[in-house]
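Participant: any chance you can model this:
(2 chains)
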There are 2 protein chains.
Amino acid sequence: MTKQKATNVHWHHGEISRADRARLIKQRGATLWFTGLSGSGKSTVAVALEQRLYEMGHLSYRLDGDNIRLGINKNLGFSAEDRAENIRRIGEIAKLFADTGVITLSSFISPYREDRDRVREIHGAAELTFIEVFVDCPLAEAEKRDPKGLYKKARAGEIKNFTGIDDPYEAPLNPEIHLQTADMTLEEEVETVIGYLQQNGYLGEQ
Amino acid sequence: MTKQKATNVHWHHGEISRADRARLIKQRGATLWFTGLSGSGKSTVAVALEQRLYEMGHLSYRLDGDNIRLGINKNLGFSAEDRAENIRRIGEIAKLFADTGVITLSSFISPYREDRDRVREIHGAAELTFIEVFVDCPLAEAEKRDPKGLYKKARAGEIKNFTGIDDPYEAPLNPEIHLQTADMTLEEEVETVIGYLQQNGYLGEQ
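Facilitator: Residues are numbered from 1 along each chain as shown, chains lettered A, B, ... in the order given. Sure, this is the predicted structure:
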């Protein structure tokens, strides 16, 4: 029963910390916040990055429309107030994931600077890392791709307040990472983000 | 550049799955939902369990009042509607954590069966595991402990709708784990939960 006794002693040391978890899974949690126009390639780079991190032995998780809009935010619509609340909640969830030690890949258009800055503040207040990744694609290019046919609908007036058409996209002023997708391959984009994470000590022994 | 090519090939296989993550961190995600009266010992067992899982090399994360009520749910009050929304959001967050592969330790009074059952359904719909842990402590004992002085205030009428005093606690009918805290040591409670996780294949190689 020696083991049990030791366990008992440890219990009195209190709670497991963020640093303990980082040591356990050999990485430091952080939120990578991909922002950009619809069709800019946010999800594409997030999916590829998730794959690359996995191959490197790192735990990441993607927050996107599929698991957010249909889940925790299913009671939110598209009013200005609901859009802001949508981003706020995602920011709070990303914060919890980063606290756990997960590399969180959040990809939402998140067109307003104020909303993104609030997510940055939420992280900062908890001493957690928010990495703004500007997925910078010219509107003409994004509209040409139009993977979901949304630009076509917006141009036809079937969708209102569509970012880039009749609602503004406020580009990040000082993003930690700037991916100019018209001039980069997907692989270059992924390696740019991986390089940033490595240089700043998020990957590897903690 | 052979490595890069291989990476490229993998990308076309699509997204990293829940099973991939489970293999990576050698555990299966699940939500342990601790429910019970205020002062029943929910947080105490969650903290001790977190410590024990850590010693076993497993990644867990606690969701509790500190990181939820002050974060994502800070815009919720204590009306019946807000209480239900509080539990719903926590359930949705726990689901995302379980999907990531994390053993999630959620400790909230969550007095209503309907609210807990909804969280169970949210998990079931995503083919994720919800483990209801009834932290069963007699009211008299919880009130005697009264760690935060809340029962005293409730008895004095300073707090309204306090669970166990002037608001009901609906005990789980078929909890996966039933901890009768008056008859168990903290260590026994922890080992009961660990035993359940081991027997059901959540801990270890996946």
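Participant: C-alpha only now, for contacts and for neighbours.
Facilitator: Fine.
Participant: and stretch A:191-198, how far out from the chain middle?
Facilitator: In terms of Cα atoms, centre = their mean, to the nearest Å, the centre of stretch A:191-198 is set 14 Å apart from its chain centre.
Participant: now swap in stretch A:137-151 and tell me
Facilitator: On Cα atoms, centre = their mean, the centre of stretch A:137-151 falls 21 Å from the chain's centre.
Participant: on the three-state scheme, the residue most central in space within chain A is what?
Facilitator: Chain A has A:Ser106 as the residue nearest its centroid, 2.2 Å off, counting by Cα atoms, centre = their mean. Of the three states, A:Ser106 takes strand according to DSSP: H, G, I helix; E, B strand; the rest coil.
Participant: pretty sure it sits against A:Asp64.
Facilitator: Yes. Using Cα atoms under 8 Å, A:Ser106 is in contact with A:Asp64, at 6.1 Å.
Participant: please enumerate the strands of chain A.
Facilitator: Per DSSP state E, chain A carries strands over the ranges A:30-35, A:60-63, A:103-107, A:130-136, A:177-180.
Participant: show residues contacting the third one.
Facilitator: Translated: strand A:103-107. With Cα atoms under 8 Å, 6 or more residues apart in numbering or on different chains as the contact definition, strand A:103-107 has outside contacts at A:28-35, A:42-43, A:46, A:50, A:59-64, A:94, A:97-98.
Participant: out of these, which touch chain B?
Facilitator: Among the contacts of strand A:103-107, proximity to chain B is found for A:Glu50, A:Leu59, A:Ser60, A:Tyr61, A:Phe97 (Cα under 8 Å from any Cα of the partner chain).
Participant: which ones are touching the third one?
Facilitator: Contact analysis of A:Ser60 by Cα under 8 Å, 6+ apart lists A:Glu50, A:Leu53, A:Tyr54, A:Val102, A:Ile103, A:Thr104, A:Leu105, B:Thr100.
Participant: which two of the residues you listed have the greatest separation?
Facilitator: Spanning the widest gap among the contacts of A:Ser60 are A:Leu53 and B:Thr100, at 13.9 Å by Cα to Cα.
Participant: so who does the closest residue to A:Ile131 other than its chain neighbours touch?
Facilitator: The shortest distance from A:Ile131 to any non-neighbouring residue, by Cα to Cα, 6 or more residues apart in numbering or on different chains, is to A:Leu32 (4.8 Å). The contact partners of A:Leu32, by Cα under 8 Å, 6+ apart, come to A:Ile103, A:Thr104, A:Leu105, A:Ser106, A:Phe130, A:Ile131, A:Glu132, A:Val133.
Participant: give me the distance between A:Leu32 and chain B.
Facilitator: 16 Å (Cα to the nearest Cα, to the nearest Å).
Participant: quickly note the distance from that residue to A:Lys26.
Facilitator: According to Cα to Cα, to the nearest Å, A:Leu32 stands 18 Å off from A:Lys26.
Participant: swap in A:Ala171?
Facilitator: On the measure of Cα to Cα, A:Ala171 and A:Lys26 end up 33 Å apart.
Participant: correct me, but A:Ile131 touches A:Gly29?
Facilitator: No. Using Cα under 8 Å, A:Ile131 makes no contact with A:Gly29, being 11.1 Å away.
Participant: joint contacts of those two?
Facilitator: Joint contacts of A:Ile131 and A:Gly29 (Cα under 8 Å, 6+ apart) do not exist.
Participant: the more surrounded of those two?
Facilitator: A:Gly29 (29 against 20; other Cα atoms under 10 Å in any protein chain shown).
Participant: residues contacting that one?
Facilitator: A:Ala22, A:Phe97, A:Ala98, A:Asp99, A:Thr100, A:Gly101, A:Val102, A:Ile103, A:Thr104, A:Leu128, A:Thr129, A:Tyr202.
Participant: who wins on neighbours among these?
Facilitator: A:Gly101 (28 neighbours).
Participant: give me the pLDDT for the residue lying closest to it once chain neighbours are set aside.
Facilitator: Spatially, and ignoring its direct neighbours in sequence, A:Gly101 is nearest to A:Gly29 (3.7 Å; Cα to Cα, 6+ apart). With respect to pLDDT, A:Gly29 has a value of 98.
Participant: any chance of the contacts of A:Leu32 in CSV, with pLDDT and distance to A:Arg18 too?
Facilitator: What follows is the contacts of A:Leu32, written out as CSV (pLDDT from 0 to 100; distance: Cα to Cα, whole Å):
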residue, pLDDT, distance to A:Arg18
A:Ile103, 98, 13
A:Thr104, 98, 15
A:Leu105, 97, 19
A:Ser106, 97, 20
A:Phe130, 98, 16
A:Ile131, 98, 18
A:Glu132, 98, 22
A:Val133, 98, 24
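Participant: residues near A:Ile165, how many?
Facilitator: Neighbours of A:Ile165 under the rule other Cα under 10 Å: 16.
Participant: quick check: phi and psi at it.
Facilitator: Backbone torsions of A:Ile165, given as degrees, to the nearest 10, read phi -100, psi -70.
Participant: kindly report the same for the one 3 residues further on.
Facilitator: Here the main-chain torsion angles of A:Pro168 (degrees, to the nearest 10) amount to phi -80, psi 150.
Participant: which ones are touching it?
Facilitator: Shown in contact with A:Pro168 (Cα under 8 Å, 6+ apart): A:Pro111, A:Tyr112.
Participant: roughly how far does it sit from A:Phe162?
Facilitator: For A:Pro168 relative to A:Phe162 (Cα to Cα), the value is 8 Å.
Participant: got any residues that touch both of the two?
Facilitator: Common neighbours of A:Pro168 and A:Phe162, counting by Cα under 8 Å, 6+ apart, are absent.
Participant: residues near the residue nearest to A:Thr129 when sequence neighbours are not counted, how many?
Facilitator: Using Cα to Cα, 6+ apart and skipping residues adjacent in sequence, the residue nearest A:Thr129 is A:Ala30, 5.0 Å away. Neighbourhood size, A:Ala30 [other Cα under 10 Å]: 26.
Participant: hmm, A:Ala30 is touching A:Ala98, no?
Facilitator: Yes. Assessed by Cα under 8 Å, A:Ala30 is found in contact with A:Ala98 at 4.8 Å.
Participant: what's the overlap in contacts for these two?
Facilitator: Here A:Ala30 and A:Ala98 have A:Thr104, A:Leu128, A:Thr129 as joint contacts, going by Cα under 8 Å, 6+ apart.
Participant: quick one: the last one and chain B, what's the gap?
Facilitator: Distance from A:Thr129 to chain B, counting by Cα to the nearest Cα: 16 Å.
Participant: list the contacts for that residue?
Facilitator: Applying Cα under 8 Å, 6+ apart, we find A:Thr129 in contact with A:Gly29, A:Ala30, A:Thr31, A:Ala98, A:His123.
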